[in-house]
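Chemist: structure of the sequence below:
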Amino acid sequence: MIAQKIDEIKDEMRKAGTWKKEMPEWVKDFEKRQIDNSDDFSEWLQFVYLPNLLHTSRSVITTDERKFIAPQAIRYFGDDLKKGKLLQLLIELDSL
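Modeler: The predicted structure follows:
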């Protein structure tokens, strides 16, 4: 179910124009990157969060270990009405 939701998120990112064809250089050292705007967040979501979530979704994650993405997405996309569907999908992903 998580993989299916991730696919829906990818599709919505493409429709919203936030999907990138090329990985930015900073992704190779993302832990030192400060996310300052919605473009940075979209890149982080695409190249860091979703691939790692897909990888870890194959193992058991306890409630204490879970990190929710929707609150962070609201911080960066909250005022952008075009991202409403993407926000909804991320909320659904968190619920899984």
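
Chemist: helices and strands around the top helix by length along the chain, which ones?
Modeler: For the chain, the longest helix by residue count, based on DSSP state H, is helix 2-16. Helices and strands touching helix 2-16, by 3 or more CB pairs under 8 Å, 6 or more residues apart in numbering; DSSP states H and E, are helix 50-56, helix 84-95. C-betas here are computed from N, CA, C, even on glycine.

Chemist: now do the same contact list for residue 49.
Modeler: Counting by CB atoms under 8 Å, 6 or more residues apart in numbering, residue 49 makes contact with residue 69.

Chemist: what pLDDT is listed against it?
Modeler: Per-residue pLDDT puts residue 49 at 92.

Chemist: next: the one 5 residues further on.
Modeler: According to the model's per-residue confidence, residue 54 sits at a pLDDT of 84.

Chemist: got it, and residue 34?
Modeler: For residue 34, the predicted pLDDT is 79.

Chemist: now it. Nearest residue, chain neighbours left out?
Modeler: Ranked by CB to CB, 6 or more residues apart in numbering and with sequence neighbours excluded, the top spatial neighbour of residue 34 is residue 40, at 7.9 Å.
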